[in-house]
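In: Okay, here's the prediction I keep looking at, along with the sequence it came from:
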Amino acid sequence: MTVHILSAQGSLRDATGTWYTLGGNAEVKEQWSVPVLGILREYNLMEQAEFAFVQAGVRYTTVKKTTLGLGMAYLDTQPFEQNEFDSRTKQYWAYGEVSLPQGEHWSHRVRLEHRWIATPNENFINLRARYRLQYVWSISPSLYIKTHNETFFNFDEANIDQNRWFLGMGHRLAPGITVEAGYLKNHIKRSNFDRICVGLYFKTSFLKKEPLHAQHQK
């Protein structure tokens, strides 16, 4: 049995997995919006769930397009040993972030996460910082290429313990609706994982729009 478990672990770690994202941003007031995000990761293509994540918050956008955000998140992680459910980990996060555009293509994001982590053996609190550098290049009115690199700094261990690099393409299906697909390389300490990513993103607004005749009278 031990040999079987170790073999399963090795195959799962080496497999190309999937990473699905559903994200949205709802404008609720001038310069204020509510972002939501859901993620499902799987160890291999479309089976054996590894990681589920949901997040929601509030975001303020300045006149210079810098965004400030606060929010909460919940994460549920299933270990590689699929038969050992007693090692599942749950996390609750409070986060704050700043996103800063630079020119037409580049943007920076800095996020600070205060994480409450619960395992079967212990509960502890962890503080983590993340920095993402992103580049987006439009190749047509509806198509674009996106790449970004995000580095994670763990304050408890005083080191960089994770890095994510993504390269993919996006297609604007309709106003406010975008789909993306690409490849992500995820380094976690001494391990690294390959993921095929598919994401659906939407934007909506709850603001009342003025009638067309009222706009012309201004």
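Out: Here it is on my side, so go on.

In: Look up how far residue 127 lies from residue 184.
Out: 25 Å (Cβ to Cβ, to the nearest Å). In this view, the C-beta of every residue, glycine as well, is placed from N, C-alpha and C.

In: Which of the two has more residues huddled nearby?
Out: Between residue 184 and residue 127, counted using other Cβ atoms under 10 Å, the more crowded position is residue 184 (19 against 12).

In: helix/strand/coil for the more buried one?
Out: Secondary structure assignment for residue 184 (DSSP: H, G, I helix; E, B strand; the rest coil): strand.

In: Run through the residues that contact it.
Out: Under the criterion of Cβ atoms under 8 Å, 6 or more residues apart in numbering, the neighbours of residue 184 are 19, 164, 165, 166, 194, 195, 196, 197.

In: What segments of the protein are strands?
Out: 16-29, 32-44, 47-61, 67-77, 89-102, 106-118, 123-138, 143-154, 159-174, 177-188, 191-205 (DSSP state E).

In: Turn those strands into a markdown table, including mean pLDDT.
Out: Formatted as a markdown table, the strands of the chain follow (pLDDT from 0 to 100):
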| stretch | mean pLDDT |
| --- | --- |
| strand 16-29 | 95 |
| strand 32-44 | 94 |
| strand 47-61 | 91 |
| strand 67-77 | 96 |
| strand 89-102 | 96 |
| strand 106-118 | 97 |
| strand 123-138 | 97 |
| strand 143-154 | 98 |
| strand 159-174 | 96 |
| strand 177-188 | 96 |
| strand 191-205 | 94 |
